[in-house]
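Enquirer: predicted model, plus sequence, below.
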Amino acid sequence: MRLIDSYRKLCHKCIKIMHYFYLLRLHQWAKNLLVFIPIFFAGEIFITGKLLASIFAFFSFSFAASAGYILNDIIDCESDKKNTKKKDRPLASGKISIQEARVLLAIMGSVAVVVAWIGVPTLLPLLGAYFLLNVSYTYKLKHIVIFDILVISIFYLMRVVGGGLVSSTPISGWLVLCIIFGSLFIIIGKRKAELGQVYKREVLQYYTANLLDHLLTISITLVIASYAMYSVLGVQSSIFVYSNIFVLMGIFRYLYLVYTVPIMESPEIAVFRDKVIAGSVLCWLLFVFVVFY
(Lines give C-alpha, C1' and ligand atoms only; values in the text may rest on other atoms or scores of the structure.)
Protein backbone atom coordinates (compact mmCIF):
# COMPACT_ATOMS: atom_id res chain seq x y z
CA MET A 1 0.00 0.00 0.00
CA ARG A 2 2.84 2.39 0.88
CA LEU A 3 4.48 1.59 -2.43
CA ILE A 4 1.27 2.42 -4.29
CA ASP A 5 0.88 5.68 -2.35
CA SER A 6 4.49 6.62 -3.10
CA TYR A 7 3.94 5.86 -6.77
CA ARG A 8 0.80 8.00 -6.85
CA LYS A 9 2.60 10.89 -5.18
CA LEU A 10 5.47 10.61 -7.67
CA CYS A 11 3.03 10.60 -10.60
CA HIS A 12 1.23 13.62 -9.15
CA LYS A 13 4.53 15.51 -8.84
CA CYS A 14 5.53 14.60 -12.39
CA ILE A 15 2.18 15.82 -13.73
CA LYS A 16 2.55 19.01 -11.72
CA ILE A 17 6.00 19.58 -13.18
CA MET A 18 4.60 19.07 -16.69
CA HIS A 19 1.99 21.74 -15.99
CA TYR A 20 4.78 24.09 -14.90
CA PHE A 21 6.69 23.37 -18.10
CA TYR A 22 3.58 24.11 -20.17
CA LEU A 23 3.11 27.39 -18.31
CA LEU A 24 6.70 28.34 -19.20
CA ARG A 25 5.99 27.68 -22.92
CA LEU A 26 9.35 26.00 -23.45
CA HIS A 27 8.59 25.39 -27.15
CA GLN A 28 8.50 29.17 -27.59
CA TRP A 29 12.18 29.31 -26.67
CA ALA A 30 12.91 28.40 -30.29
CA LYS A 31 12.27 32.06 -31.17
CA ASN A 32 15.26 33.06 -29.07
CA LEU A 33 17.61 31.27 -31.45
CA LEU A 34 17.44 34.57 -33.33
CA VAL A 35 20.19 35.86 -31.02
CA PHE A 36 22.64 33.67 -32.94
CA ILE A 37 21.82 35.27 -36.30
CA PRO A 38 24.43 38.09 -36.08
CA ILE A 39 27.41 35.79 -35.41
CA PHE A 40 26.09 33.11 -37.78
CA PHE A 41 25.87 35.49 -40.74
CA ALA A 42 29.16 37.14 -39.78
CA GLY A 43 30.96 33.79 -39.98
CA GLU A 44 31.81 34.00 -36.27
CA ILE A 45 29.75 31.13 -34.86
CA PHE A 46 32.92 29.24 -33.85
CA ILE A 47 34.52 32.15 -32.02
CA THR A 48 34.24 30.90 -28.44
CA GLY A 49 33.76 34.26 -26.71
CA LYS A 50 31.02 35.42 -29.08
CA LEU A 51 29.28 32.06 -29.06
CA LEU A 52 29.29 31.97 -25.25
CA ALA A 53 27.91 35.52 -25.07
CA SER A 54 25.12 34.56 -27.48
CA ILE A 55 24.28 31.49 -25.38
CA PHE A 56 23.93 33.68 -22.29
CA ALA A 57 21.68 36.02 -24.30
CA PHE A 58 19.60 33.07 -25.49
CA PHE A 59 18.86 31.85 -21.98
CA SER A 60 18.30 35.35 -20.66
CA PHE A 61 15.71 36.08 -23.34
CA SER A 62 14.18 32.63 -22.85
CA PHE A 63 13.59 33.11 -19.13
CA ALA A 64 12.29 36.62 -19.80
CA ALA A 65 9.91 35.29 -22.46
CA SER A 66 8.60 32.63 -20.07
CA ALA A 67 7.95 35.36 -17.49
CA GLY A 68 5.98 37.23 -20.14
CA TYR A 69 3.85 34.18 -20.99
CA ILE A 70 3.11 33.58 -17.31
CA LEU A 71 2.03 37.20 -16.86
CA ASN A 72 -0.19 36.90 -19.93
CA ASP A 73 -1.85 33.75 -18.54
CA ILE A 74 -2.44 35.41 -15.18
CA ILE A 75 -4.11 38.43 -16.78
CA ASP A 76 -6.17 36.31 -19.20
CA CYS A 77 -7.07 33.57 -16.72
CA GLU A 78 -10.78 34.42 -16.46
CA SER A 79 -11.27 34.85 -20.20
CA ASP A 80 -9.33 31.64 -20.90
CA LYS A 81 -11.80 29.72 -18.74
CA LYS A 82 -14.55 30.62 -21.23
CA ASN A 83 -12.46 29.65 -24.25
CA THR A 84 -12.83 25.99 -25.27
CA LYS A 85 -9.34 26.04 -26.78
CA LYS A 86 -7.60 27.64 -23.77
CA LYS A 87 -9.66 26.37 -20.84
CA ASP A 88 -7.25 23.46 -20.30
CA ARG A 89 -4.26 25.73 -19.75
CA PRO A 90 -2.69 25.26 -16.28
CA LEU A 91 -4.09 28.47 -14.77
CA ALA A 92 -7.49 28.43 -16.46
CA SER A 93 -8.06 24.80 -15.45
CA GLY A 94 -6.89 25.39 -11.87
CA LYS A 95 -4.04 22.88 -12.15
CA ILE A 96 -1.70 25.66 -11.07
CA SER A 97 -2.86 28.42 -8.74
CA ILE A 98 -2.47 32.13 -9.44
CA GLN A 99 -0.21 32.43 -6.41
CA GLU A 100 2.07 29.67 -7.71
CA ALA A 101 2.16 31.38 -11.11
CA ARG A 102 3.16 34.69 -9.52
CA VAL A 103 6.03 33.02 -7.68
CA LEU A 104 7.17 31.34 -10.89
CA LEU A 105 6.88 34.67 -12.71
CA ALA A 106 9.16 36.33 -10.16
CA ILE A 107 11.64 33.46 -10.40
CA MET A 108 11.78 33.54 -14.21
CA GLY A 109 12.19 37.32 -14.30
CA SER A 110 14.93 37.22 -11.65
CA VAL A 111 16.80 34.39 -13.36
CA ALA A 112 16.69 36.28 -16.68
CA VAL A 113 18.28 39.32 -15.06
CA VAL A 114 20.88 37.28 -13.14
CA VAL A 115 21.92 35.34 -16.25
CA ALA A 116 22.34 38.59 -18.19
CA TRP A 117 24.17 40.29 -15.30
CA ILE A 118 26.63 37.40 -14.93
CA GLY A 119 27.26 36.63 -18.59
CA VAL A 120 26.30 39.62 -20.73
CA PRO A 121 25.72 42.79 -18.64
CA THR A 122 25.54 44.87 -21.83
CA LEU A 123 22.20 43.14 -22.52
CA LEU A 124 20.55 44.48 -19.35
CA PRO A 125 19.20 47.78 -20.79
CA LEU A 126 17.70 45.97 -23.79
CA LEU A 127 16.34 43.24 -21.50
CA GLY A 128 14.72 45.94 -19.37
CA ALA A 129 13.10 47.42 -22.46
CA TYR A 130 11.94 43.93 -23.44
CA PHE A 131 10.31 43.47 -20.02
CA LEU A 132 8.56 46.85 -20.15
CA LEU A 133 7.30 46.29 -23.69
CA ASN A 134 6.09 42.83 -22.70
CA VAL A 135 4.09 44.26 -19.80
CA SER A 136 2.66 47.01 -22.04
CA TYR A 137 1.73 44.44 -24.66
CA THR A 138 0.05 42.13 -22.14
CA TYR A 139 -2.02 44.85 -20.50
CA LYS A 140 -2.85 47.12 -23.43
CA LEU A 141 -1.08 46.89 -26.78
CA LYS A 142 -2.27 43.39 -27.70
CA HIS A 143 -5.80 44.73 -27.76
CA ILE A 144 -5.02 47.55 -30.21
CA VAL A 145 -5.33 46.76 -33.91
CA ILE A 146 -2.03 46.84 -35.87
CA PHE A 147 -0.05 47.54 -32.68
CA ASP A 148 -0.54 43.89 -31.68
CA ILE A 149 1.29 42.88 -34.85
CA LEU A 150 4.04 45.49 -34.80
CA VAL A 151 4.98 44.92 -31.15
CA ILE A 152 5.54 41.18 -31.70
CA SER A 153 7.72 42.05 -34.69
CA ILE A 154 9.74 44.32 -32.40
CA PHE A 155 10.18 41.38 -30.00
CA TYR A 156 11.74 39.38 -32.84
CA LEU A 157 14.01 42.28 -33.76
CA MET A 158 15.09 42.79 -30.14
CA ARG A 159 16.43 39.25 -30.02
CA VAL A 160 18.58 39.82 -33.11
CA VAL A 161 19.78 43.21 -31.87
CA GLY A 162 20.56 41.63 -28.50
CA GLY A 163 22.65 38.94 -30.18
CA GLY A 164 24.63 41.56 -32.07
CA LEU A 165 25.02 43.69 -28.95
CA VAL A 166 26.45 41.00 -26.67
CA SER A 167 28.81 39.67 -29.35
CA SER A 168 29.83 43.13 -30.63
CA THR A 169 28.86 42.01 -34.13
CA PRO A 170 27.53 44.57 -36.63
CA ILE A 171 24.22 43.64 -38.24
CA SER A 172 23.56 44.33 -41.91
CA GLY A 173 20.73 46.77 -42.55
CA TRP A 174 19.35 44.37 -45.14
CA LEU A 175 19.30 41.60 -42.54
CA VAL A 176 17.40 43.85 -40.13
CA LEU A 177 14.78 44.45 -42.82
CA CYS A 178 14.52 40.71 -43.44
CA ILE A 179 13.82 40.13 -39.75
CA ILE A 180 11.21 42.90 -39.55
CA PHE A 181 9.33 41.92 -42.71
CA GLY A 182 9.75 38.18 -42.12
CA SER A 183 8.33 38.38 -38.61
CA LEU A 184 5.43 40.52 -39.84
CA PHE A 185 4.66 37.94 -42.51
CA ILE A 186 4.63 35.12 -39.93
CA ILE A 187 2.49 37.06 -37.44
CA ILE A 188 -0.03 38.29 -40.02
CA GLY A 189 -0.27 34.78 -41.43
CA LYS A 190 -1.08 33.47 -37.97
CA ARG A 191 -3.74 36.17 -37.49
CA LYS A 192 -5.24 35.26 -40.85
CA ALA A 193 -5.45 31.59 -39.87
CA GLU A 194 -7.00 32.46 -36.50
CA LEU A 195 -9.65 34.73 -38.01
CA GLY A 196 -11.90 31.85 -39.00
CA GLN A 197 -11.79 30.15 -35.62
CA VAL A 198 -14.77 30.29 -33.27
CA TYR A 199 -12.70 31.30 -30.26
CA LYS A 200 -10.04 33.82 -31.17
CA ARG A 201 -8.09 36.67 -29.61
CA GLU A 202 -10.09 39.80 -28.84
CA VAL A 203 -8.22 42.11 -31.20
CA LEU A 204 -9.29 40.05 -34.24
CA GLN A 205 -12.77 41.59 -34.04
CA TYR A 206 -11.19 44.73 -35.53
CA TYR A 207 -9.63 42.87 -38.46
CA THR A 208 -11.29 41.71 -41.64
CA ALA A 209 -10.23 38.93 -43.97
CA ASN A 210 -9.69 41.50 -46.73
CA LEU A 211 -7.43 43.66 -44.55
CA LEU A 212 -5.33 40.69 -43.48
CA ASP A 213 -5.05 39.53 -47.10
CA HIS A 214 -3.65 42.94 -48.07
CA LEU A 215 -1.27 43.02 -45.11
CA LEU A 216 -0.13 39.48 -45.93
CA THR A 217 0.52 40.42 -49.56
CA ILE A 218 2.51 43.50 -48.54
CA SER A 219 4.59 41.65 -45.95
CA ILE A 220 5.41 38.69 -48.21
CA THR A 221 6.45 41.07 -50.98
CA LEU A 222 8.70 43.03 -48.65
CA VAL A 223 10.36 39.99 -47.09
CA ILE A 224 11.09 38.38 -50.46
CA ALA A 225 12.41 41.66 -51.89
CA SER A 226 14.56 42.47 -48.85
CA TYR A 227 16.08 38.99 -48.67
CA ALA A 228 16.76 39.03 -52.41
CA MET A 229 18.55 42.36 -52.06
CA TYR A 230 20.50 41.08 -49.05
CA SER A 231 21.57 37.96 -50.95
CA VAL A 232 22.97 40.12 -53.76
CA LEU A 233 24.22 43.28 -52.03
CA GLY A 234 24.77 42.23 -48.41
CA VAL A 235 26.89 39.12 -48.90
CA GLN A 236 30.24 38.83 -50.64
CA SER A 237 29.42 35.58 -52.42
CA SER A 238 28.33 34.91 -55.99
CA ILE A 239 26.39 31.78 -55.04
CA PHE A 240 24.51 33.05 -52.00
CA VAL A 241 21.75 34.32 -54.27
CA TYR A 242 20.67 30.70 -54.80
CA SER A 243 19.60 30.50 -51.16
CA ASN A 244 16.48 32.36 -52.31
CA ILE A 245 15.15 29.02 -53.57
CA PHE A 246 14.89 27.60 -50.04
CA VAL A 247 13.50 30.85 -48.65
CA LEU A 248 10.75 30.94 -51.27
CA MET A 249 9.93 27.30 -50.66
CA GLY A 250 9.47 27.89 -46.92
CA ILE A 251 7.49 31.11 -47.38
CA PHE A 252 5.12 29.67 -49.98
CA ARG A 253 4.56 26.54 -47.90
CA TYR A 254 3.70 28.63 -44.83
CA LEU A 255 1.32 30.71 -46.93
CA TYR A 256 -0.29 27.51 -48.20
CA LEU A 257 -0.85 26.30 -44.63
CA VAL A 258 -2.36 29.63 -43.63
CA TYR A 259 -5.05 29.33 -46.30
CA THR A 260 -5.68 25.58 -46.18
CA VAL A 261 -5.25 24.32 -42.62
CA PRO A 262 -8.37 24.94 -40.47
CA ILE A 263 -6.39 25.36 -37.25
CA MET A 264 -2.97 26.70 -38.08
CA GLU A 265 -0.28 25.80 -35.55
CA SER A 266 2.02 28.41 -34.10
CA PRO A 267 4.99 29.14 -36.41
CA GLU A 268 7.62 27.60 -34.12
CA ILE A 269 5.63 24.34 -34.03
CA ALA A 270 4.94 24.36 -37.77
CA VAL A 271 8.67 24.62 -38.47
CA PHE A 272 9.27 21.31 -36.72
CA ARG A 273 6.09 19.43 -37.67
CA ASP A 274 5.62 20.39 -41.32
CA LYS A 275 8.11 18.38 -43.39
CA VAL A 276 8.30 20.89 -46.23
CA ILE A 277 8.99 23.88 -43.96
CA ALA A 278 11.41 21.88 -41.82
CA GLY A 279 13.20 20.65 -44.93
CA SER A 280 13.40 24.16 -46.37
CA VAL A 281 14.83 25.57 -43.16
CA LEU A 282 17.36 22.75 -42.86
CA CYS A 283 18.50 23.06 -46.49
CA TRP A 284 18.75 26.83 -46.12
CA LEU A 285 20.85 26.52 -42.97
CA LEU A 286 23.19 23.99 -44.59
CA PHE A 287 23.56 26.14 -47.71
CA VAL A 288 24.28 29.28 -45.69
CA PHE A 289 26.73 27.35 -43.50
CA VAL A 290 28.65 26.16 -46.57
CA VAL A 291 28.79 29.68 -47.98
CA PHE A 292 30.00 31.36 -44.79
CA TYR A 293 32.17 28.60 -43.35
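Expert: That came through fine. This is a predicted model, so every value here is computed, not measured.
Enquirer: what's the distance between the closest residue to Ile45 other than its chain neighbours and Gly164?
Expert: Counting by CB to CB, 6 or more residues apart in numbering, the nearest residue to Ile45 once its immediate chain neighbours are dropped is Ile39, at 5.3 Å. Where C-beta positions appear, they are placed from N, C-alpha and C, glycine not excepted. Distance, Ile39 to Gly164, by CB to CB, to the nearest Å: 8 Å.
Enquirer: with Ile98 instead?
Expert: According to CB to CB, Ile98 and Gly164 sit 38 Å apart.
Enquirer: more crowded one of these two?
Expert: Set Ile98 next to Gly164 and count neighbours by other CB atoms under 10 Å: Gly164 wins out with 23 against 12.
Enquirer: pull out the buried residues from the helix or strand containing the more buried one.
Expert: Per DSSP states H and E: Gly164 is located in helix 147-167. Buried residues in helix 147-167, counted by 16 or more other CB atoms under 10 Å: 148-149, 151-167.
Enquirer: so what does it touch, helix or strand wise?
Expert: helix 37-41, helix 48-75, helix 124-139, helix 173-195 (3 or more CB pairs under 8 Å, 6 or more residues apart in numbering; DSSP states H and E).
Enquirer: average pLDDT across it?
Expert: Across helix 147-167, pLDDT averages out at 93.
Enquirer: and the residue nearest to Ile45, what pLDDT?
Expert: So, for Ile39, pLDDT stands at 93.
Enquirer: so it sits against Gly163, correct?
Expert: Yes - in this structure, Ile39 is within contact of Gly163 by CB atoms under 8 Å, at 6.9 Å.
Enquirer: quick check: neighbours shared by these two?
Expert: Ser54, Thr169 (CB atoms under 8 Å, 6 or more residues apart in numbering).
Enquirer: give the buried residues for the helix or strand hosting Ile277.
Expert: In this structure, Ile277 sits in helix 275-292 according to DSSP H and E. Residues Ile277, Ser280, Val281, Trp284, Phe287, Val288, Val291 are the ones in helix 275-292 that count as buried (16+ other CB under 10 Å).
Enquirer: OK, contacts around the spatially most central residue of the chain?
Expert: The residue lying closest to the centre of the chain (CA atoms, centre = their mean) is Lys31, at 3.5 Å. Lys31 makes contacts with Ala65, Phe155, Tyr156, Arg159, Glu268, as judged by CB under 8 Å, 6+ apart.
Enquirer: same check on Leu195?
Expert: Leu195 touches Leu204, Tyr207, Ala209, Leu212, counting by CB under 8 Å, 6+ apart.
Enquirer: same thing with Val232?
Expert: Val241.
Enquirer: check the secondary structure at it for me.
Expert: helix (DSSP: H, G, I helix; E, B strand; the rest coil).
Enquirer: gap between it and Leu248?
Expert: From Val232 to Leu248 the distance is 15 Å (CB to CB).
Enquirer: could you do Leu150 as well?
Expert: 25 Å.
Enquirer: tell me how many other residues crowd Trp117.
Expert: Using other CB under 10 Å, Trp117 has 14 other residues around it.
Enquirer: quick check: which element contains it?
Expert: helix 98-119.
Enquirer: hmm, Asn244 and Ala228 touching each other?
Expert: Yes - using CB under 8 Å, Ala228 is in contact with Asn244, at 5.9 Å.
Enquirer: so where's the stretch 151-293 of the chain shaky on pLDDT?
Expert: 196-200, 262-272 (pLDDT under 70).
Enquirer: 90 instead, please
Expert: By pLDDT under 90, the weakly predicted segments of the stretch 151-293 of the chain are 171-173, 186, 189-209, 233-238, 254-278, 291-293.
Enquirer: wait, what's in contact with Gly43?
Expert: Phe292, Tyr293.
Enquirer: so it, which of the three states?
Expert: Secondary structure assignment for Gly43 (three-state DSSP): coil.
Enquirer: just the pLDDT for it.
Expert: Per-residue confidence (pLDDT) for Gly43: 87.
Enquirer: roughly how far apart are it and Gln236?
Expert: Using CB to CB, we find Gly43 at a distance of 10 Å from Gln236.
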